[in-house]
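Engineer: Only the shape, not the letters, is given here:
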């Protein structure tokens, strides 16, 4: 029931369908207090996601058993601060860990599967269930062979080139925390590259992003990742040469 003299908010329908900040209103020359506090909270959560250290022990406890085991490595960034300030350090493995991977007996796997904290430690809460879904999808016919799971601290995307090359894998997938946005501090991204080796460019990678409960659902992301990996192995290419050629699902009509 509408109160006498009160007008309906014409923006309410749009705001109910997006997390974007739309028509926030004003209080004098400033934002309403509730909106200002929400902005401050989202900003604090984004900062915490970038600055917090990931709990890899908790991640391991949630990961599915893997026949080739789990290997812990670190990028060339010495700590979180160096990782954030010097992106190039996160694109390479520390020399000791690269030597350790290179010295391991090669498994000639189709895929090196890598999980890292990236720019959002909070996003790792989705990593274990997503990884399980991806492994289950890739186990279906035709099966894709996966090497040891590699957990890497302080990675940038291109560290997958070093890891995949060291393991002699045919391709590499890295799942890591995205750079947080205001209201999206726990998003994962998955990057895939065929024929990993140092020097690969971003044009040679495929990305599935915004993987989180309020974004791209984990099951849908796992299906897309598995599809792209199989297509890539069949084509012998990734990046701009690899397209998602599935028939898109029709979007739900807006009420």
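Structural biologist: Looks like it arrived, so ask away. Computed from a predicted structure; not experimentally measured.

Engineer: Which residues outside stretch 33-52 are in contact with it?
Structural biologist: For stretch 33-52, contacts defined as C-beta atoms under 8 Å, 6 or more residues apart in numbering pick out 21, 24-25, 27, 30-31, 80, 84, 119-123, 177, 179-183, 185-186. All C-beta spots, glycine's among them, are computed from the backbone N, C-alpha and C.

Engineer: which parts of that stretch are buried?
Structural biologist: Residues of stretch 33-52 classed as buried by neighbour count (16 or more other C-beta atoms under 10 Å): 38, 42, 45, 46, 49, 50.

Engineer: In strands only, show me these.
Structural biologist: In strands, judged by DSSP state E, none of the buried residues of stretch 33-52 are found.

Engineer: Can you tell me the SS state at the closest residue to residue 224 other than its chain neighbours?
Structural biologist: Counting by C-beta to C-beta, 6 or more residues apart in numbering, residue 208 is the residue found nearest to residue 224 once chain neighbours are left out, at 5.3 Å. Per DSSP: H, G, I helix; E, B strand; the rest coil, the local secondary structure of residue 208 is strand.

Engineer: burial measure for residue 208, as a count.
Structural biologist: Look at residue 208: counted by other C-beta atoms under 10 Å, it has 23 neighbours.

Engineer: Report the contact partners of it.
Structural biologist: 189, 190, 216, 221, 224, 225, 228.

Engineer: and the residue nearest the centre of the chain, what are its phi and psi?
Structural biologist: Centroid check for the chain by C-alpha atoms, centre = their mean gives residue 189 as the closest residue, at 2.0 Å. Taking degrees, to the nearest 10, you get phi -130, psi 150 for the backbone angles of residue 189.

Engineer: Does it touch residue 215 like I think?
Structural biologist: No: assessed by C-beta atoms under 8 Å, residue 189 is found out of contact with residue 215, at 10.5 Å.

Engineer: What subset of the contacts of stretch 33-52 is buried?
Structural biologist: Buried residues within the contacts of stretch 33-52, counting neighbours by 16+ other C-beta under 10 Å: 31, 80, 119, 120, 121, 122, 123, 177, 180, 183, 185, 186.

Engineer: Reformat those into a markdown table and put pLDDT next to each item.
Structural biologist: Below are the buried ones among the contacts of stretch 33-52 laid out as a markdown table (pLDDT from 0 to 100):
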| residue | pLDDT |
| --- | --- |
| 31 | 87 |
| 80 | 94 |
| 119 | 95 |
| 120 | 95 |
| 121 | 92 |
| 122 | 91 |
| 123 | 94 |
| 177 | 95 |
| 180 | 90 |
| 183 | 78 |
| 185 | 89 |
| 186 | 92 |
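
Engineer: Among these, which lie within helices?
Structural biologist: Among the buried ones among the contacts of stretch 33-52, the members falling in helices (DSSP state H) are residue 80.

Engineer: shaky segments in the stretch 1-150 of the chain?
Structural biologist: Counting by pLDDT under 70, the low-confidence segments of the stretch 1-150 of the chain come to 1-8, 105-106.

Engineer: can you give me the helices in it?
Structural biologist: Remark: helices assigned in the stretch 1-150 of the chain by DSSP state H, counting those that start in this stretch are 12-15, 33-51, 56-62, 80-85, 95-103, 127-139.

Engineer: Tell me, how many residues neighbour the closest residue to residue 158 other than its chain neighbours?
Structural biologist: Spatially, and ignoring its direct neighbours in sequence, residue 158 is nearest to residue 91 (4.0 Å; C-beta to C-beta, 6+ apart). By the measure other C-beta under 10 Å, the count of residues near residue 91 is 19.

Engineer: With residue 193 instead?
Structural biologist: 25.

Engineer: ok, residue 91 - contacts?
Structural biologist: Counting by C-beta under 8 Å, 6+ apart, residue 91 makes contact with 75, 76, 156, 157, 158, 159, 162.
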